[in-house]
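A.B. asks: make a model of this:
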Amino acid sequence: MGHLDHAAYGWLTPVLSYVMASVGAALGLRCTVRALAATGTARRNWLLAAASAIGTGIWTMHFVAMLGFDVTGTEIHYNVPITILSLLVAMLVVGAGVFAVGYGKGRGRALVLGGLTTGLGVASMHYLGMAALRLHGDVSYDPLTVGLSVVIAVVAATAALWAALNIKSPVAVAVASLVMGAAVSSMHYTGMTAVAVSVSPSDAALPGATAMQFIFPLAVGLGSYLFITAAFVALSPTADERAASDSVRKLGERAAPAH
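C.D. replies: Sure, this is the predicted structure:
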């Protein structure tokens, strides 16, 4: 059995991955709050932004954490198409959960359906990402620990969607995002404790790309997207602010003829 190190760079990758998960959750929750206050195409666009933010945050969290994953006795490469597929799955399934909440008629039913769908999507993304691993040896999983990680994913997703439906203030959203980031990170590292690797030393070249060749540049790009989008959302007016601005403008228009 190969020795597994989940933090080859010390606390750097766990902390940075937690930050990325929290930023993605914060952005997704803010976008969902905006969506629930909007109608028509505006609601759809905010929900799409929420899905991309949460999906990107979860995916970036996973692979930033994987930058610190090391197995004694073998290099680690990643299959590029499967890695990209894991990102698409994260966005699509999270999107299905977010839209279930955004357009669901009964809140309780929509929350359960959305939480289950999103949680299974998070777990699918995680294990698809693990399926992209290429190393000299065989990877196996402890079924009970895998099951526990899936339960954590579903609970975390349901809690995040509940927060989106019930929490409105920026401070409360920030707290909920930190909790969501911790839950997603817990799901990841719980899933990683299920992993065992039987190393078969070999000099043969591994297929795929190394983490620094592919994962790191993509994670940096997606992380930049999250921070830029977060700045845009923070600077864009809320529905209440737009309504207040419209009221002031209409009052000004009515007062203008009097001069």
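
A.B. asks: might one say that residue 53 is in contact with residue 31?
C.D. replies: Yes: look at residue 53 against residue 31 with CB atoms under 8 Å: they come within range, at 6.0 Å. To be clear about C-beta, it is placed using only N, CA and C from the backbone, and glycine gets the same treatment.

A.B. asks: for the helix or strand encompassing residue 228, which positions count as buried?
C.D. replies: Per DSSP states H and E: residue 228 is located in helix 216-235. Within helix 216-235, the residues scored as buried using 16 or more other CB atoms under 10 Å are 218, 219, 222, 223, 226, 229, 230, 233.

A.B. asks: again with stretch 15-25
C.D. replies: 16, 17, 18, 19, 20, 21, 22, 23, 24, 25.

A.B. asks: equivalent analysis for stretch 136-152, please.
C.D. replies: 136, 137, 146, 148, 149, 150, 152.

A.B. asks: so which of those sit within helices?
C.D. replies: 146, 148, 149, 150, 152 (DSSP state H).

A.B. asks: low-confidence stretches in this structure?
C.D. replies: Confidence mapping of the chain against pLDDT under 70 gives the ranges 1-2, 234-259.

A.B. asks: middle-most residue in it, spatially?
C.D. replies: Nearest residue to the geometric centre of the chain (CA atoms, centre = their mean): residue 58, 2.4 Å.

A.B. asks: which other helices and strands does the lengthiest helix in the chain contact?
C.D. replies: Taking DSSP H as the criterion, the chain has its longest helix at helix 40-67. Judged by 3 or more CB pairs under 8 Å, 6 or more residues apart in numbering; DSSP states H and E, helix 40-67 is in contact with helix 12-36, helix 80-103, helix 107-131, helix 170-193, helix 216-235.
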